[in-house]
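1. Give me a model of this one.
(one chain, ligands or ions: 1)
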Amino acid sequence: MMSVENNDQHYDVLVVGAGFAGLYLLHRLRAQGMRVKVFEAGDDVGGTWYWNRYPGARCDVESLEYSFSFSEELQQEWKWSERYAGQPEILRYLQHVADRFDLRRDVLFNTRVARARFSPARNEWTVNTEAGEQYRARYCVMATGNLSKASVPDIPGIESFKGRWFHTSAWPKEPVDFTGLRVGVVGTGSTGIQLVPRVAEQARHLYVFQRTANYCIPLRNGPQDAGIERDVKGRYAAVRKQARESPSGVAGFNVPTQSVLEVRPEEREAAFERRWNWGGIGLTRAFNDVLFNEESNRIASEYVKRKMREVVKDPKVADALTPTYPIGTKRLCADTGYFQAFNRDNVTLVDIRRSPIRAMGPHSVETGEATYEVDALIFATGFDAMTGTLLAIDIGVENGPTLRSLWADGPHAYLGLMVAGLPNLFMVTGPGSPSVLSNVVVSIEQHVEWITNCLAHMQERGLDHIEALADAQQTWGDHVNEVAGRSLLAKASSWYTGANIPGKPRGFIPYMGGVGAFRAHCDEVARNGYQGFALSTARQAQGSPA
Ligand code: NA7
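-> Residues are numbered from 1 along each chain as shown. Model prediction:
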């Protein structure tokens with residue numbers, strides 16, 4: 001273990017995570033002359049795109065938009081091969097970013113953070129790694145991602161299983177060959193839906209264990225169109241500006257102005273058809289009330305169900321694949337051949353809503369109705385989203401509150417940036433920010449720029465202590481709830497509301513007000529002298545005379 005008194009262990013800022021957020025933070029903070037250390041559990045950069053290597057892993061936001069905008073040279077020189085990049089290409093992109101901006105030398109790889117404690121007396125954070133090392137800094141930033149703590153079902157008998165089992169977010173680096181094997185996939189969210197067609201091509205037989213049937217829109221991926229690339233690159237600044245000011249961080253679609261109910265059925269059909277043919281997850285944005293009005297939503301839902309049924313040949317299987325909840329209230333999925341996979345002889349859909357998985361044996365998965373012989377099992381069962389990764393780290397103040405105590409009844413945060421009671425600790429795309437409801441790279445850049453500008457502001461004024469105020473946090477939380485409450489999303493059982501994790505407090509976690517409005521609000525808060533935050537020197541914060 002290295003000495004804690006060693007000067008090399010003392011930094012201005014400690015950052016946890018080297019995905020999109022951590023890399024950009026490092027780049028910005030370094031440019032501001034700050035000493036930064038980044039901790040990364042993986043052995044390379046990439047975050048989500050490092051871990052989620054399962055077959056078919058792909059982004060469902062177009063690559064020309066799902067990429068950094070902070071460097072004109074970078075966005076001009078990088079060439080995406082496909083409209084929607086697959087995981088290997090996004091990982092290569094982030095590796096390129098790390099090399100191009102010489103970021104790796106300040107990242108400590110293979111290092112998982114276990115604990116972070118703030119000392120009010122020293123006005124600094126001490127971070128302990130799982131390996132027992134200790135680091136100190138004035139500030140700490142959690143760039144830990146919203147979807148990184150895997151949720152693996154606790155199935156009796158799993159330890160007796162003799163085949164290999166996987167969670168999609170901890171996929172091995174070497175390719176896994178399912179040729180000739182009987183494979184089970186548990187989970188049919190975005191991940192399962194990407195994975196199933198790919199595994200179906202290899203496996204001798206594939207059992208898809210489905211608890212909830214989901215809505216899917218064809219992704220319509222293909223090689224990046226050279227004309228579109230030229231056009232976007234020719235006016236990239238304007239495209240990025242439009243994305244930043246848009247509701248979901250995507251410039252591609254106009255913001256809808258009409259209700260489903262105010263247009264004639266043929267117009268409505270044509271509008272849905274346009275989105276369907278364009279592909280991807282923008283369909284619910286064909287009209288302005290699909291996520292707010294039950295009747296509008298029912299019409300959109302029926303459209304997608306009808307399209308899906310046109311693909312699936314067996315009507316019984318089609319019934320089982322038909323969603324029963326309002327479209328868009330759980331994450332909309334984008335697929336490449338998902339429903340077609342169920343027309344194959346080697347794919348069986350198993351309804352585990354009707355008859356849940358009860359146990360696993362050495363070579364089998366047992367539901368209440370049948371036993372399925374499998375040689376390998378894949379859990380595409382999602383994540384303890386948005387809060388799980390933060391709560392997995394023991395974060396707190398010496399002789400004061402911990403994050404776990406502050407969030408015992410659900411997450412509380414001001415603008416998704418800070419938690420009242422935890423000074424000098426920032427989050428990137430934390431609870432109460434648009435995060436998972438947006439093109440997350442746009443949201444990450446916005447938060448990183450806000451945080452680094454805030455630190456520069458403090459540095460210029462000789463300030464070294466910042467806290468979110470409890471009443472500002474409460475007011476923001478009320479607003480987040482009020483906006484969510486107007487939509488159909490808040491009523492659904494989804495990972496947006498914590499419903500996928502047994503025992504997790506229920507409540508709508510991200511901010512639905514849109515990235516444009518959120519950015520404007522955060523900018524105004526900063527302009528007004530960081531309204532709702534207390535900025536001071538540590539001496540003032542401790543109540544000593546300044
Ligand atoms: P999701 O969207 O949370 O999907 C997980 C799937 O696994 C979903 O179908 C769940 O059914 C199912 N699930 C979860 N736990 C269980 C148990 N215990 N038993 C059976 N089935 C279960 O995760 P993804 O990885 O697909 O996607 C996450 C995000 O990553 C995605 O939205 C993109 O933003 C990228 P349920 O719906 O809970 O009934």
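2. got the buried residues for the host helix or strand of Glu524?
-> In the assignment (DSSP states H and E), Glu524 maps to helix 515-527. Residues Val515, Gly516, Phe518, Arg519, Cys522, Val525 are the ones in helix 515-527 that count as buried (16 or more other C-beta atoms under 10 Å). All C-beta spots, glycine's among them, are computed from the backbone N, C-alpha and C.
3. helices or strands up against that helix?
-> helix 236-245, helix 440-460 (3 or more C-beta pairs under 8 Å, 6 or more residues apart in numbering; DSSP states H and E).
4. and with 6 Å instead?
-> Counting by 3 or more C-beta pairs under 6 Å, 6 or more residues apart in numbering; DSSP states H and E, the packing neighbours recorded for helix 515-527 are helix 440-460.
5. quick one: strands adjacent to the helix or strand that the helix it packs on is followed by?
-> Later in the chain than helix 440-460, the nearest helix or strand by DSSP H and E is strand 465-468. Partners of strand 465-468 in the sheet, by DSSP bridges, are strand 533-536 (antiparallel).
6. After the partner strand, which helix or strand is next?
-> helix 538-541.
7. Now for Trp165, how many residues are close by?
-> Residues near Trp165, counting by other C-beta atoms under 10 Å, number 16.
8. Make sure it is indeed in a strand.
-> Yes - under DSSP: H, G, I helix; E, B strand; the rest coil, Trp165 sits within a strand.
9. Could I get the contacting residues of it?
-> Residues counted as contacts of Trp165 (C-beta atoms under 6 Å, 6 or more residues apart in numbering) are Leu377.
10. Please apply the same query to Thr257.
-> For Thr257, no residue meets the contact criterion (C-beta under 6 Å, 6+ apart).
11. how much space between Arg104 and the ligand?
-> Using C-beta to the nearest ligand atom, to the nearest Å, one gets 26 Å for the distance from Arg104 to the ligand.
12. hmm, I was thinking of Lys313
-> On the measure of C-beta to the nearest ligand atom, Lys313 and the ligand end up 23 Å apart.
13. just checking, that residue touches Phe342?
-> No - with contact defined as C-beta atoms under 6 Å, Lys313 does not reach Phe342; the gap is 8.1 Å.
14. okay, these two: which has more neighbours?
-> Between Lys313 and Phe342, Phe342 has the larger neighbour count (other C-beta under 10 Å), namely 22 against 11.
15. residues contacting that one?
-> The contact partners of Phe342, taken as C-beta under 6 Å, 6+ apart, are Val312, Val317, Leu349.
16. Residues of the stretch 251-400 of the chain that sit close to the ligand?
-> Residues of the stretch 251-400 of the chain lying close to the ligand (C-beta under 6 Å from any ligand atom) are Arg331, Ile352, Ala380, Thr381, Gly382, Phe383.
17. so Ala359 sits in a strand?
-> Yes - counting by three-state DSSP, Ala359 is found in a strand.
18. so for the longest strand belonging to the chain, what's the average pLDDT?
-> Identified as the longest strand of the chain according to DSSP state E is strand 134-142. Averaging pLDDT along strand 134-142 gives 97.
19. coming back round to it: dump the buried residues of helix 515-527 into JSON lines; add pLDDT as well.
-> Listed next are these as JSON lines, based on pLDDT from 0 to 100:
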{"residue": "Val515", "pLDDT": "97"}
{"residue": "Gly516", "pLDDT": "97"}
{"residue": "Phe518", "pLDDT": "98"}
{"residue": "Arg519", "pLDDT": "98"}
{"residue": "Cys522", "pLDDT": "98"}
{"residue": "Val525", "pLDDT": "98"}
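20. Which member of those residues is positioned nearest the ligand?
-> Taking C-beta to the nearest ligand atom as the measure, the ligand lies nearest Val515 of the buried residues of helix 515-527, at 15.4 Å.
21. Contacts only, for that closest one.
-> For Val515, the contact set (C-beta under 6 Å, 6+ apart) comprises Gly249, Pro434, Ser438, Val442, Ser443.
22. Which two of these have the greatest separation?
-> Pro434 and Val442 (8.6 Å; C-beta to C-beta).
23. Please flag which of the contacts of Phe342 sit within helices.
-> Among the contacts of Phe342, the members falling in helices (DSSP state H) are Val317.
24. for the residue in the stretch 1-150 of the chain that the ligand sits nearest to, phi and psi?
-> The minimum distance from the stretch 1-150 of the chain to the ligand, using C-beta to the nearest ligand atom, falls at Leu147 (4.9 Å). The phi/psi pair for Leu147 (degrees, to the nearest 10) reads phi -130, psi 70.
25. Could you do Arg115 as well?
-> When read as degrees, to the nearest 10, the backbone of Arg115 gives phi -150, psi 150.
26. can you list the residues of the protein near the ligand?
-> Taking C-beta under 6 Å from any ligand atom, the part of the chain that reaches the ligand is made up of 147, 151, 153, 186-192, 211-212, 331, 352, 380-383, 495, 500.
27. burial measure for the closest residue to the ligand within the stretch 51-200 of the chain, as a count.
-> Nearest residue of the stretch 51-200 of the chain to the ligand (C-beta to the nearest ligand atom) works out as Gly189 at 2.2 Å. Burial measure for Gly189: 21 neighbouring residues, criterion other C-beta under 10 Å.
28. what residues are up against it?
-> Counting by C-beta under 6 Å, 6+ apart, Gly189 makes contact with Gly382.
29. swap the cut-off to 7 Å and go again
-> Asn214, Arg331, Cys333, Ala380, Gly382 (C-beta atoms under 7 Å, 6 or more residues apart in numbering).
30. what does Tyr93 give?
-> Ser67, Trp78.
31. Next one, pLDDT for it please.
-> We have a pLDDT of 98 for Tyr93.
32. again, but for Ser3
-> Note on Ser3: pLDDT of 39.
33. which stretches of the stretch 351-500 of the chain form helices?
-> Counting by DSSP state H, counting those that start in this stretch, the stretch 351-500 of the chain has helices at residues 388-392, 403-406, 440-460, 470-485.
34. that older thread, how far off centre is the helix holding Glu524?
-> Helix 515-527 sits 21 Å away from the centroid of its parent chain (C-alpha atoms, centre = their mean, to the nearest Å).
35. rewinding a little: could you check how far the residue of the stretch 51-200 of the chain closest to the ligand is from Leu91?
-> Using C-beta to C-beta, to the nearest Å, we find Gly189 at a distance of 21 Å from Leu91.
36. Which of the contacts of Gly189 fall within strands?
-> Those of those lying in strands (DSSP E): Cys333.
37. got the contact list for the nearest residue to Val185 once chain neighbours are set aside?
-> Leaving aside its sequence neighbours, Val185 sits nearest to Ile378 (C-beta to C-beta, 6 or more residues apart in numbering; 4.8 Å). The contact partners of Ile378, by C-beta under 7 Å, 6+ apart, come to Phe166, Thr168, Val183, Gly184, Val185, Leu195.
38. Show me what Ile378 bridges to in the sheet.
-> Phe166, Val185.
39. coming back round to it: by how many degrees do the helix holding Glu524 and helix 440-460 diverge?
-> Orientation of helix 515-527 against helix 440-460 (axes from the mean of the first three to the mean of the last three C-alpha atoms, to 10 degrees) gives an angle of 0 degrees.
40. least trustworthy helix or strand in this protein by mean pLDDT?
-> helix 538-541 (a mean of 80; mean pLDDT, DSSP states H and E).
41. mind checking how far that one is from the chain centre?
-> Per C-alpha atoms, centre = their mean, the centroid offset for helix 538-541 relative to its chain is 36 Å.
42. Only C-alpha atoms, please: export it in PDB.
-> Extracted as PDB, the C-alpha positions of helix 538-541 are listed here (Å, rounded to 0.1, in the frame of the first residue of the first chain):
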ATOM      1  CA  ALA A 538     -13.700  25.900   4.000                       C
ATOM      2  CA  ARG A 539     -13.100  28.200   7.000                       C
ATOM      3  CA  GLN A 540     -16.400  29.900   6.300                       C
ATOM      4  CA  ALA A 541     -18.100  26.600   5.900                       C
END
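43. For Ala358, which non-adjacent residue is closest in space?
-> If you look again at residue 358, you'll see it is Arg, not Ala. In space, and not counting its chain neighbours, Arg358 is closest to Glu366: 5.2 Å by C-beta to C-beta, 6+ apart.
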